[in-house]
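Undergrad: Starting from these lines, generate the structure:
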Amino acid sequence: METKEEQKTKIKLLGICGSPRKGNSLFLLQQALDEASKAYPEQVETNTYIFGQTPFAPCDACQAHKRLKGECRIEDGFQELRDKWLDADAVIYSVPVYHMGIPGQVKCFIDRLGNSLGYYFTEYIPGEPAFHIPRLMKVIGSITQGSHIFAGQEHAQAFINTHAILMRCIPVSGDLWESYIGAGGWTEVSLKVSALKTLAEEGKQDAQIAVRSAQSLGKRVVEMAMIVRDGLKSNKTLLAEQPSYLPVLKKIEKKSK
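TA: Here you go, the predicted structure:
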């Protein structure tokens with residue numbers, strides 16, 4: 001039985017599956033989440049969000065979030081996922097490669113997230129510029145998979161890592177040599193939703209590497225999230241003098257109560 005203190009201080013790990021097919025991307029994501037929970041059962045709680053359940057409209061640069069204090073005027077799946085994303089301490093994106101990049105619905109979410117959060121946090125950052133994303137300090141990892149070994153997996157990983165940096169977060173990969181800037185896999189040109197799982201069970205080396213890289217990424221994301229959390233707590237007095245750290249410091253303080 002967990003104590004209330006253990007529940008409060010757990011790392012909240014959000015897994016985002018960018019594919020509506022509930023197949024290969026979800027399989028690799030589950031490998032990462034399961035390994036994180038297995039490695040640190042007392043330190044992490046996981047949550048999964050799967051795209052395709054609700055629509056996501058693209059950002060049209062309407063600027064309404066300025067007068068709505070960061071709220072997007074378009075009401076669809078964005079608000080639910082934004083709140084889950086903000087609540088998480090760590091995020092793992094697992095996406096299929098579409099046209100050498102991430103799927104459109106995931107890009108819609110990221111565009112609207114980045115355009116609105118500066119104004120969403122304005123009231124918590126006195127004296128800072130009107131548009132300012134504070135140092136959210138979430139740890140972010142990426143998993144990508146495609147039908148071909150050269151389908152653009154690293155392009156998609158690089159985009160997600162850039163997204164992490166722009167959101168004032170920390171990108172993390174798995175372990176070398178099997179994971180460079182993220183975890184990647186390919187289905188040997190099979191379009192089946194269970195292709196990677198089947199290939200791994202059949203002992204195919206590339207599929208097993210994809211599984212192991214996803215697993216190591218899950219562990220490293222949680223480990224870095226714990227390091228970041230404890231480092232912020234240890235340096236709270238010093239960092240509190242900088243407005244850009246206030247939201248994440250308040251979040252940690254709230255969890256500790």
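Undergrad: neighbours of the nearest residue to residue 29 once chain neighbours are set aside, just the number please.
TA: For residue 29, ignoring the flanking residues on the chain, the nearest one in space by CB to CB, 6 or more residues apart in numbering is residue 94 at 3.6 Å. For the C-beta atoms, the positions are set from N, CA and C on the backbone; glycine is no exception. When neighbours are defined as other CB atoms under 10 Å, residue 94 has 32 of them.
Undergrad: The stretch 1-150 of the chain: strands as residue ranges?
TA: Assigned by DSSP state E, counting those that start in this stretch, the strands in the stretch 1-150 of the chain fall at 11-17, 44-50, 90-96, 139-146.
Undergrad: now the second one against strand 90-96, angle please.
TA: Computed by axes from the mean of the first three to the mean of the last three CA atoms, to 10 degrees, the angle separating strand 44-50 from strand 90-96 equals 30 degrees.
Undergrad: Same question for strand 44-50: list its buried residues.
TA: 44, 46, 48-50 (16 or more other CB atoms under 10 Å).
Undergrad: so how far is whatever helix or strand residue 206 lives in off the chain centroid?
TA: Assigned by DSSP states H and E, residue 206 falls within helix 205-234. In this view, helix 205-234 has its centroid 12 Å away from the chain centroid, taken as CA atoms, centre = their mean, to the nearest Å.
Undergrad: Kindly report the same for stretch 73-84.
TA: 15 Å.
Undergrad: How about residue 115, nearest residue that isn't a chain neighbour?
TA: Nearest one to residue 115, counting by CB to CB, 6+ apart, is residue 59 at 5.6 Å.
Undergrad: show me the contacts for the nearest residue in space to residue 99 that is not next to it in sequence.
TA: The shortest distance from residue 99 to any non-neighbouring residue, by CB to CB, 6+ apart, is to residue 152 (7.7 Å). Residues in contact with residue 152 (CB atoms under 8 Å, 6 or more residues apart in numbering) are 97, 99-101, 144, 146.
Undergrad: just these now: which is nearest residue 198?
TA: Nearest to residue 198, judged by CB to CB, of the contacts of residue 152 is residue 146 at 16.3 Å.
Undergrad: is it true that the closest one touches residue 95?
TA: No. If you go by CB atoms under 8 Å, residue 146 and residue 95 don't touch, sitting 9.7 Å apart.
Undergrad: In terms of packing, which of these two has more residues around it?
TA: residue 95 (29 against 22).
Undergrad: doesn't residue 25 make contact with that one?
TA: Yes. Counting by CB under 8 Å, residue 25 is a contact partner of residue 95 at 5.9 Å.
Undergrad: Need the residues touching each of the two.
TA: With CB under 8 Å, 6+ apart as the test, residue 95 and residue 25 both reach 17-19, 143, 145.
Undergrad: ok so, going back, report the separation between the residue nearest to residue 115 and residue 136.
TA: 19 Å (CB to CB, to the nearest Å).
Undergrad: residue contacts, residue 208?
TA: Contacts of residue 208 (CB under 8 Å, 6+ apart): residue 200.
Undergrad: And for residue 57?
TA: 74, 76, 78, 108.
Undergrad: repeat for residue 70
TA: 116-122 are the contacts of residue 70 under CB under 8 Å, 6+ apart.
Undergrad: The spatially most central residue of the chain bridge partners, please.
TA: Nearest residue to the geometric centre of the chain (CA atoms, centre = their mean): residue 91, 2.6 Å. Going by DSSP bridges, residue 91 is paired in beta bridges with residue 14, residue 140.
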